[in-house]
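Enquirer: 3D, please:
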Amino acid sequence: MSESVAWRKSSRSGSGGDGGEECVEVAALLEGHGIRDSKAPDAGHLTLSAESFAQLVTALKRGELHL
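Expert: Okay, the predicted model is just below:
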């Protein structure tokens, strides 16, 4: 993966100072969208197609996923 990939964290991500924030980062990749754990960025990432990423975001916004 290229180092020029711009990972970004949600603006809703907490900054409680205790390191306990639960957050993911996303990035636009050539093959779709990357998702990774912001606390373990070197652990790898999940790549979703643009269509699958859009479906995931829609399901999250609708509260259809029990996380």
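Enquirer: which residues in the chain form helices?
Expert: Assigned by DSSP state H, the chain shows helices spanning 50-62.
Enquirer: Show me the shaky parts of it.
Expert: The model of the chain has pLDDT under 70 over residues 1-3, 12-21.
Enquirer: where do the strands sit along it?
Expert: 8-9, 24-29, 32-37, 46-48 (DSSP state E).
Enquirer: who does the shortest one pair up with?
Expert: What that stands for is strand 8-9. Next to strand 8-9 in the sheet, as set by DSSP bridges, lie strand 24-29 (antiparallel).
Enquirer: The strand it pairs with vs strand 32-37, what angle?
Expert: With axes from the mean of the first three to the mean of the last three C-alpha atoms, to 10 degrees defining the directions, strand 24-29 sits at 160 degrees from strand 32-37.
Enquirer: ok, back up a step: just so I know, which of the strands of the chain lies nearest Leu60?
Expert: With C-beta to C-beta as the criterion, Leu60 lies closest to strand 24-29 of the strands of the chain, at 10.6 Å. No exception for glycine: its C-beta is placed from N, CA and C like everyone else's.
Enquirer: one step back: switch the strands of the chain over to CSV; also include mean neighbour count.
Expert: CSV is the format used below for those (neighbours: other C-beta atoms under 10 Å):
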stretch, mean neighbour count
strand 8-9, 12
strand 24-29, 16
strand 32-37, 17
strand 46-48, 17
